[in-house]
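Enquirer: Okay, sequence plus prediction incoming.
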Number of protein chains: 2
Amino acid sequence: METDRIIQGDCLGELPKLPDESVDVIFADPPYNMQLKNPLYRPNNTRVAGVDDGWDKFSSFMEYDSFCVSWLRECRRVLKPTGTIWVIGSYHNIFRVGNIMLNLGFWILNDVTWHKANPMPNFMGTRFTNATETLLWCAKSADCKKYTFNYEVMKRYNGGKQMTSVWRIKLCTGEERLKGNDGKRAHSTQKPEELLKRVILSSSRQGDIILDPFFGTGTTGAVAKKLNRRYIGIEKERDYVTLACARIGSITESDIFPEAGWV
Amino acid sequence: METDRIIQGDCLGELPKLPDESVDVIFADPPYNMQLKNPLYRPNNTRVAGVDDGWDKFSSFMEYDSFCVSWLRECRRVLKPTGTIWVIGSYHNIFRVGNIMLNLGFWILNDVTWHKANPMPNFMGTRFTNATETLLWCAKSADCKKYTFNYEVMKRYNGGKQMTSVWRIKLCTGEERLKGNDGKRAHSTQKPEELLKRVILSSSRQGDIILDPFFGTGTTGAVAKKLNRRYIGIEKERDYVTLACARIGSITESDIFPEAGWV
DNA sequence: TATAAAGGTGAATCCGCAC
DNA sequence: AGTGCGGATTCACCTTTAT
């Protein structure tokens, strides 16, 4: 299978073209725009009557759930039995995603907490500062016990003690944050490379194929190359694809992470 | 309504007896549906005392979901519009619980991460050390904007900086851990008082009524009294009720937390 | 009495192969 | 599929015992 490529297209259309059990690791950073504030319509375009708060939101949940079932089912199909999948989300969507993953038969190995070292404060003083995102790390099923986990590598990376499920990592800012021609951030949710480094380093080996169905500006691909892994990215927006291509193309020998040879 | 009382009975049977919109805060620590299969041994061959209590046995996701829908729906009914609910869980159950809460119309304010300072290691090196539990803090609905959140209190409690959604707290061990006559832990999953202290201090005022439908050995009630709040506890197991009564009854003036008067 | 060493334990979905 | 067995595997905190 051709690797190290970016496919421009909707993942719902492109994932079905990948063969069964062909990728080692999946990293997915899906959108979580559930649009709960807008008028609600059922799939058949009838408006939902605002009878009850719970039901009022239900149709938009259904739409989001349906989307997630589609791409997650395809992800499960293309994942090798020895592979694992990572999905990142916030409290807005991770409970719906997690529930669906369980229903599809995925087996949770860890719920990793990305503890943001520099979260945005809560200016209104109405809640606790929202300082985390959650990564669900799952095997294909409970039976799949031969998944890759580089325990010793992560222990070494963590200074000699086994790594826990809490990762304190700064937000992606400064030099690392990709800017557009207007000088503004090119992507609203670019993830820090340190996050992907831990994901890929822990759950894959050199040469493995990493699939990212929501490639964005290509952090997954960039880190995969810096760790001597292969990648397949799927991204709908042409501008992001262009950025990702340039970003990954500019990686040189000097960018390779020291940990690249650990597995 | 009579408060500061422990009701011995199943919460599915007892919750319906409480009036609509009658409590200010709910803290719920439901069974996690852990699905443990084989015994686990430490490297020194001692066996880990797992949670194999009967109350944590469910035959399927469907059965667990159905159970949660029932008690969560009742919780929503008895919660005041100005009130909030906390539910704690691990990755085994929190995604099912969170999904159900969203479907019932609850509005997530924070997903608070209990970062355990001293979690049990992963002995076999198969995963990251599971170092967290998650607390979902929710309003009754998206419209309920007048919920209680003592922002300044928590900021002060946190040393002058606004408190974030990550709480680093030690496990409940040592003197605080209730022991049975045999000297062994009285309850498999007793929560640290520090956790409840933050829950109650942040989301209630003096005199408020705190409901705990899975009272266990009464940590919620004990902390409520130490913070000058009222409580209602529901607990099925008679032994736990006995312990909780004695525990709360022995609280004296000297046990009151210094923060009790902050709100 | 103070300090050090030894022991116990925690909501855990914790091995892999041969027969 | 179930069983048996060889072998590899741990961190922070608290309590108890020893020096």
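Expert: Sure, I can see it. Residues are numbered from 1 along each chain as shown, chains lettered A, B, ... in the order given.
Enquirer: how far out from the middle of the chain is the helix or strand bottoming out on mean pLDDT in chain A?
Expert: The helix or strand of chain A with the lowest confidence, counting by mean pLDDT, DSSP states H and E, is helix A:53-78 at a mean of 87. The chain centre lies 16 Å from the centre of helix A:53-78; the measure is C-alpha atoms, centre = their mean, to the nearest Å.
Enquirer: now stretch A:121-137
Expert: In this view, stretch A:121-137 has its centroid 18 Å away from the chain centroid, taken as C-alpha atoms, centre = their mean.
Enquirer: wait, does that stretch contact DNA strand C?
Expert: No: counting by C-beta under 7 Å from any atom of the strand, DNA strand C is not contacted by stretch A:121-137; separation bottoms out at 10.2 Å. Heads up, the C-betas are built off the backbone N, CA and C, glycines and all.
Enquirer: Now that stretch: buried residues?
Expert: For stretch A:121-137, burial by neighbour count (16 or more other C-beta atoms under 10 Å in any protein chain shown) applies to A:122, A:127-137.
Enquirer: That one near chain B at all?
Expert: Yes: Stretch A:121-137 lies within reach of chain B by C-beta under 8 Å from any C-beta of the partner chain, at A:121-122, A:125-132, A:134, A:136-137.
Enquirer: quick one: average pLDDT of that stretch?
Expert: Taken as a whole, stretch A:121-137 has an average pLDDT of 97.
Enquirer: cool, and stretch A:223-233?
Expert: For stretch A:223-233, mean pLDDT is 98.
Enquirer: just checking, which of the buried residues of stretch A:121-137 belong to strands?
Expert: Counting by DSSP state E, the part of the buried residues of stretch A:121-137 found in strands is A:132-137.
Enquirer: what's the closest of these to residue B:163?
Expert: Distances from residue B:163 to those, taken as C-beta to C-beta, are shortest for residue A:132 (13.3 Å).
Enquirer: separation between the closest one and residue A:87?
Expert: Remark: distance between residue A:132 and residue A:87 (C-beta to C-beta, to the nearest Å) = 15 Å.
Enquirer: So residue A:20: helix, strand or coil?
Expert: coil (DSSP: H, G, I helix; E, B strand; the rest coil).
Enquirer: Show me which of the ones in strands among the buried residues of stretch A:121-137 is closest to residue B:177.
Expert: Taking C-beta to C-beta as the measure, residue A:132 is the one of these closest to residue B:177, at 27.8 Å.
Enquirer: Start and end of stretch A:109-127, how far apart?
Expert: Using C-alpha to C-alpha, to the nearest Å, one end of stretch A:109-127 lies 30 Å from the other.
Enquirer: need the helices for chain A, in chain order.
Expert: Remark: helices assigned in chain A by DSSP state H are A:11-14, A:53-78, A:94-103, A:151-157, A:193-203, A:219-226, A:238-249.
Enquirer: Of those helices, give the one that comes closest to residue B:175.
Expert: That would be helix A:151-157 among these, by C-beta to C-beta, at 33.0 Å.
Enquirer: in the closest one, what counts as buried?
Expert: Buried-residue list, helix A:151-157, by 16+ other C-beta under 10 Å: A:151, A:153-154, A:157.
Enquirer: Please apply the same query to stretch A:211-227.
Expert: So, applying 16+ other C-beta under 10 Å, buried residues of stretch A:211-227: A:211-227.
Enquirer: and that stretch, how far apart are its ends?
Expert: End-to-end distance for stretch A:211-227: 15 Å, by C-alpha to C-alpha.
Enquirer: how far out from the middle of the chain is it?
Expert: Distance, stretch centre to chain centre, for stretch A:211-227: 10 Å (C-alpha atoms, centre = their mean).
Enquirer: Then stretch A:110-129?
Expert: 19 Å.
Enquirer: what do you get for stretch A:87-99?
Expert: With C-alpha atoms, centre = their mean as the basis, the mean position of stretch A:87-99 lies at 11 Å from the chain mean.
Enquirer: How about residue A:86: what's its closest non-neighbour residue?
Expert: residue A:27 (4.8 Å; C-beta to C-beta, 6 or more residues apart in numbering or on different chains).
Enquirer: circling back: among the buried residues of helix A:151-157, which pair sits farthest apart?
Expert: Maximum distance among the buried residues of helix A:151-157 (C-beta to C-beta): 10.7 Å, for A:151 and A:157.
Enquirer: can you count the residues close to the residue nearest to residue A:86?
Expert: Per other C-beta atoms under 10 Å in any protein chain shown, the neighbour tally for residue A:27 reads 30.
Enquirer: just to revisit the earlier point, which one of the buried residues of stretch A:121-137 is nearest to residue A:94?
Expert: Minimum distance to residue A:94 across the buried residues of stretch A:121-137 is 4.8 Å, recorded for residue A:134 (C-beta to C-beta).
Enquirer: What residues are bridge-paired with that closest one?
Expert: Beta-bridge pairing for residue A:134 (DSSP bridges): residue A:89, residue A:113.
Enquirer: Determine the number of other residues adjacent to the nearest residue in space to residue A:95 that is not next to it in sequence.
Expert: Leaving aside its chain neighbours, residue A:95 sits nearest to residue B:98 (2.9 Å; criterion: C-beta to C-beta, 6+ apart). For residue B:98, the count of nearby residues is 24 (other C-beta under 10 Å).
Enquirer: With residue A:10 instead?
Expert: Neighbour tally, residue A:10, other C-beta under 10 Å: 13.
Enquirer: isn't it right up against residue A:236?
Expert: Yes: between residue A:10 and residue A:236 there is a contact at 5.2 Å, judged by C-beta atoms under 8 Å.
Enquirer: Am I right that residue A:168 is in contact with residue A:117?
Expert: Yes: the pair residue A:168 and residue A:117 qualifies as a contact (C-beta under 8 Å) at a distance of 5.5 Å.
Enquirer: ok so, going back, now render the buried residues of stretch A:121-137 as CSV, adding distance to DNA strand D.
Expert: Formatted as CSV, these follow (distance: C-beta to the nearest atom of the strand, whole Å):
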residue, distance to DNA strand D
A:122, 27
A:127, 27
A:128, 22
A:129, 23
A:130, 25
A:131, 20
A:132, 20
A:133, 24
A:134, 22
A:135, 21
A:136, 23
A:137, 19
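Enquirer: with these in mind, which one is nearest to residue B:73?
Expert: Nearest member of the buried residues of stretch A:121-137 to residue B:73, counting by C-beta to C-beta, is residue A:127, at 24.5 Å.
Enquirer: buried sites along stretch A:16-23?
Expert: Buried residues in stretch A:16-23, counted by 16+ other C-beta under 10 Å: A:18, A:22-23.
Enquirer: Distance check, residue A:200 against residue A:154.
Expert: Using C-beta to C-beta, residue A:200 is found at 11 Å from residue A:154.
Enquirer: Show me what stretch A:185-201 is in contact with.
Expert: A:25, A:27, A:29, A:86, A:88, A:114, A:135, A:150, A:153-154, A:157, A:163, A:167, A:169-172, A:176-180, A:210, A:216-217, A:219-220, A:222-224, A:226-227, A:229, A:239-240, A:243, A:257, A:259, A:262-263 (C-beta atoms under 8 Å, 6 or more residues apart in numbering or on different chains).
Enquirer: same deal with stretch A:228-237?
Expert: With C-beta under 8 Å, 6+ apart as the test, stretch A:228-237 has contacts from A:3-11, A:14-15, A:18, A:23, A:200, A:204-216, A:218, A:220-221, A:224-225, A:241, A:244, A:256, A:260-261.
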